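> sequence isn't available, so here's the structure alone:
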Ligand code: TRP
Ligand code: SF4
């Protein structure tokens, strides 16, 4: 069976963007004919959050509550914590010996990072080497497919190049070249019209109450040209409409699209329909959240079990890697 692997940095409570950009895709693959490995990328979190590193355990727990409430299943997937498996650090070191710095500096995420978070953090060796650690994560488990968002594609491309170089230099085909699996969900905008992101403070969380969800959607940005009730709107640029495409039925979506374009439906009504649909869809999961919130001990044992299983695989790969490198 082909293996699928993906990781998420421990960011605490997940929002709708995380659910539709990643988690749902993980769960779908888990329920198909793959062996799935999913992990908390806590070492990756250190590349930008070193000053908040003591929160990472709690953030991991909060993220895991969402994972399990929404259907990630430890009986089907191997679920583990990156930093508990020391081989990730070892393989990162080895791969870093064959990765030209120029490849890393060319990476668009690195360039964006430098301009966004500034030289101070982005100037770290760890930040520059982010995709090398990611490569180690993937090839450690010989994963063929890696479900990720479009922002991660340059990292995947680098991973493939590093693998080819490793196999060429060692003349052994130890490492498997991974392929990205892109999520097909429409993009999810936050309440301010920018991409939904925890750091922008514009997110709707799976853990939000129905009331909080309502208040957020009420103030959500719509088509800025639709100032009056009878101005026609443009659903194609409206974050509320994107959410309808996910949470509302096909027929309803068609009516809203029409109604917005010919101004027969107002933004307030449009939003009220969305609020109702989101809250209805999330209600059963939010109820499960309340149960998982009380099962922290169980979550810790899931991680422990998964980490043991993953460790057996990482040992195997590292034996082959050490053999290929040191003979
Ligand atoms: N960089 C990924 C993200 O921010 C997280 C990640 C770390 C990852 N290692 C990985 C994803 C390996 C896929 C495979 O979303
Ligand atoms: Fe957006 Fe709905 Fe208003 Fe159209 S009617 S602009 S889709 S909120």
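Nice, thanks for sending it over. Bear in mind that the values here come from a model prediction, so they are computed numbers and not experimental data. Ligands and ions are numbered 1, 2, ... in the order given.

> how close does the closest residue to residue 198 other than its chain neighbours sit to ligand 1?
In this structure, residue 198 finds its nearest non-sequential neighbour in residue 11, 5.5 Å apart by Cβ to Cβ, 6 or more residues apart in numbering. Glycine gets a C-beta too; all of them are placed from N, C-alpha and C. Distance from residue 11 to ligand 1, counting by Cβ to the nearest ligand atom, to the nearest Å: 9 Å.

> all helices of the stretch 1-150 of the chain, in order?
Ranges of helices in the stretch 1-150 of the chain, per DSSP state H, counting those that start in this stretch, are 16-18, 24-30, 42-49, 56-69, 87-96, 101-106, 108-122, 125-128, 130-140.

> give me phi/psi at residue 199?
The phi/psi pair for residue 199 (degrees, to the nearest 10) reads phi -70, psi -20.

> confidence score at it?
We have a pLDDT of 88 for residue 199.

> how about the contacts made by it?
By Cβ atoms under 8 Å, 6 or more residues apart in numbering, residue 199 lies in contact with nothing.

> now do 10 Å
Applying Cβ atoms under 10 Å, 6 or more residues apart in numbering to residue 199 gives the contacts 11, 48, 116-117.

> so where's this structure shaky on pLDDT?
Counting by pLDDT under 70, the ranges of the chain that qualify are 119-121.

> ok, residue 104 touching residue 126?
No. Counting by Cβ atoms under 10 Å, residue 126 is not a contact partner of residue 104; they are 11.4 Å apart.

> more neighbours: these two, which one.
Counting neighbours by other Cβ atoms under 10 Å for residue 104 and for residue 126 shows that residue 104 has the greater number, 19 against 16.

> and that one, how far is that from ligand 2?
Going from residue 104 to ligand 2 by Cβ to the nearest ligand atom gives 41 Å.

> outline the domain layout of this protein.
Under the assignment automatic domain parsing, the domains of the chain span 2-188+297-326, 210-290.

> could you see whether ligand 2 lies near the last one?
Yes. Counting by Cβ under 6 Å from any ligand atom, ligand 2 is contacted by domain 210-290 at 222-223, 226, 233, 235, 238, 240-241, 260, 265, 267, 270-271.

> give me the helices and strands touching the host helix or strand of residue 252, please.
Residue 252 is part of helix 250-261 when elements are defined by DSSP states H and E. Counting contacts by 3 or more Cβ pairs under 10 Å, 6 or more residues apart in numbering; DSSP states H and E, helix 250-261 packs against helix 239-247, helix 267-292.

> quick one on the thing from earlier: would you list the domains of the chain in CSV and tack on distance to residue 197?
CSV is the format used below for the domains of the chain (distance: least, Cβ to Cβ, whole Å):
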stretch, distance to residue 197
domain 2-188+297-326, 7
domain 210-290, 13
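
> just say which of these is most tucked in.
Across these, averaging neighbours per residue (mean count of other Cβ atoms under 10 Å) puts domain 2-188+297-326 on top, at a mean of 18.

> now it, how far from the chain's geometric center?
Centroid separation for domain 2-188+297-326 versus its chain: 10 Å, with Cα atoms, centre = their mean, to the nearest Å.

> what's the end-to-end length of that domain?
One end of domain 2-188+297-326 to the other measures 29 Å (Cα to Cα, to the nearest Å).

> so the host helix or strand of residue 316 versus helix 87-96, what angle?
Per DSSP H and E, residue 316 falls inside helix 296-326. Orientation of helix 296-326 against helix 87-96 (axes from the mean of the first three to the mean of the last three Cα atoms, to 10 degrees) gives an angle of 30 degrees.

> what residue of this protein is the furthest out?
residue 230 (39.2 Å; Cα atoms, centre = their mean).

> phi first, then psi, for that residue.
Torsion angles, degrees, to the nearest 10, at residue 230: phi -100, psi 10.

> report the contact partners of it.
Residues counted as contacts of residue 230 (Cβ under 10 Å, 6+ apart) are 262-264, 266.

> up against ligand 1, what does this structure have?
Within the chain, the positions near ligand 1 by Cβ under 6 Å from any ligand atom are 5-9, 41, 44, 134, 137-138, 146, 148, 152.

> nearest to residue 89, of those residues?
Using Cβ to Cβ, residue 137 is the member of the residues of the chain next to ligand 1 that lies nearest residue 89, at 10.9 Å.

> separation between that closest one and residue 181?
Distance, residue 137 to residue 181, using Cβ to Cβ, to the nearest Å: 15 Å.

> with adjacent residues omitted, what lies nearest to residue 136?
residue 91 (3.9 Å).
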